[in-house]
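In: Need a 3D model of the following:
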Amino acid sequence: MDYEVFGNMKTADGNHETLQQLFTRSGASQYLQEVWNLKFAAQTLAKLATLGGGPRYHKAGRTPLYPKDELDSFAREKLGPLLASTSEMPEPEPVDQVVRDRGSRRPGLNVRSRDGRNNMVSADDEDLS
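Out: Numbering: from 1, shown residues only. Model (predicted):
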């Protein structure tokens, strides 16, 4: 396997130093695909770096550098727990979906409740839950 590796960084762990492999964004994308079978394009990793929720990284000037340990931790989190049966899968928690109401002349939010009904919430309402 040949990844686009930027270099190694020395990190101090107590009394000894270890070398940590650093990947460029495209190298991180390739690593996640080949090692973990997770498809995250370099552009997706860039978006996650902006919005949050992606692997942690260092900056070398303008270049983001992803440590191998952080990519492995991110991949394990995305994979979820190891299951022996589909009956072991936890039920996902229901979440209200909030969507901007673009068709209305009145400003507000269109809130889709758990029962599937759409409810208009005024922008003046304090509690949106």
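In: quick one: the helices in this protein?
Out: Under the criterion DSSP state H, the chain carries helices at the ranges 25-36, 42-51, 68-79.
In: who does the first one touch, helix- and strand-wise?
Out: When you say that, I think you mean helix 25-36. The contact analysis (3 or more CB pairs under 8 Å, 6 or more residues apart in numbering; DSSP states H and E) places helix 25-36 against helix 42-51, strand 63-67, helix 68-79. Every residue, glycine included, has its C-beta placed from N, CA and C.
In: Just name the most buried of the helices of the chain.
Out: Stretch with highest mean neighbour count among the helices of the chain: helix 25-36 (a mean of 19; mean count of other CB atoms under 10 Å).
In: Give the rounded mean pLDDT of that one.
Out: When pLDDT is averaged along helix 25-36, the result is 95.
In: please renumber so the chain begins at 15
Out: Yep, numbering from 15; the last one is helix 39-50 now.
In: now that helix and helix 56-65, what's the angle there?
Out: For helix 39-50 against helix 56-65, the angle by axes from the mean of the first three to the mean of the last three CA atoms, to 10 degrees is 110 degrees.
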